[in-house]
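Peer 1: Next one to model:
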Amino acid sequence: MSGYQATTPQRPTRPAHAWRGTLYWCLIPAIIVLPLLLLVTRQGWGFLFALYALPVIVIVEVAILVAVRSRAKALGTQQVGPLTCWPLLLHYIGSVILPFCIGDATDQGNVPAPLQIFSIPEPVVEVIATVTGALAIQGGLVALILAIVEAVQARRR
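Peer 2: Numbering: from 1, shown residues only. As a prediction, this is how the structure comes out:
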């Protein structure tokens, strides 16, 4: 047994995913673009609602940014964590599509949703709004929770 050397099995290293790095760099623009997208698509009274929702959106996006950056700093990477990436991607997709599915109201009457301009029937737009609203809200909350979990785990390493 003189030539026997005990070795521990090495974990295979996974290649860096470019899209996780892209999501990492989209965190700061998302803080600016997502609230502005909601404001730009409002034409009537919905603009006031968007102004009230603006601080909540910004606070959630900043919290996600802080948690993801904390994990990245602890690990020395510039990527979104593997658990956070999918909910964050779904959150961004839902947040971009949702403002185009919501109609508005003015003193003169109702304003159709921007997607209805392309002859998409109102019931279809309402289904799209429901799905993208769920993606935006639930994806953002799940991404925030998982980003915090990943940041805590990265600090313990």
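
Peer 1: mind listing the strands for the protein?
Peer 2: 104-106, 109-111 (DSSP state E).

Peer 1: Could you measure from the residue lying closest to Ala113 once chain neighbours are set aside over to Gly133?
Peer 2: With sequence-adjacent residues excluded and distances taken as C-beta to C-beta, 6 or more residues apart in numbering, Ala113 is closest to Gly103, at 4.4 Å. Placement of C-beta: from N, CA and C, glycine included. Between Gly103 and Gly133 the distance, using C-beta to C-beta, to the nearest Å, works out to 13 Å.

Peer 1: swap in Ile57?
Peer 2: Taken as C-beta to C-beta, the span from Ile57 to Gly133 is 13 Å.

Peer 1: who's more crowded, these two?
Peer 2: Taking neighbours as other C-beta atoms under 10 Å, Ile57 and Gly133 compare with Ile57 leading, 19 against 16.

Peer 1: So which helix or strand of this protein has the lowest pLDDT on average?
Peer 2: Ranking every helix and strand in the chain by mean pLDDT, DSSP states H and E puts strand 104-106 at the bottom, with a mean of 79.

Peer 1: Any regions of this structure where pLDDT drops low?
Peer 2: Along the chain, the parts satisfying pLDDT under 70 run over 1-16.

Peer 1: need the helices for it, in chain order.
Peer 2: 18-25, 27-40, 46-75, 85-97, 122-156 (DSSP state H).

Peer 1: how about these in CSV, adding distance to Val111?
Peer 2: Shown next, in CSV, are those (distance: least, C-beta to C-beta, whole Å):
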stretch, distance to Val111
helix 18-25, 33
helix 27-40, 14
helix 46-75, 8
helix 85-97, 18
helix 122-156, 13
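
Peer 1: Check these for me and report the most buried one.
Peer 2: Ranked by mean neighbour count, the helices of the chain are led by helix 85-97 with a mean of 20 (mean count of other C-beta atoms under 10 Å).

Peer 1: now that one, how far from the chain's geometric center?
Peer 2: With C-alpha atoms, centre = their mean, to the nearest Å as the basis, helix 85-97 stands 4 Å off its chain's centre.

Peer 1: Show me what it packs onto, helices and strands only.
Peer 2: With contacts taken as 3 or more C-beta pairs under 8 Å, 6 or more residues apart in numbering; DSSP states H and E, helix 85-97 sits against helix 18-25, helix 27-40, helix 122-156.

Peer 1: what's the angle from it to helix 122-156?
Peer 2: If you take axes from the mean of the first three to the mean of the last three C-alpha atoms, to 10 degrees, helix 85-97 sits at 140 degrees to helix 122-156.
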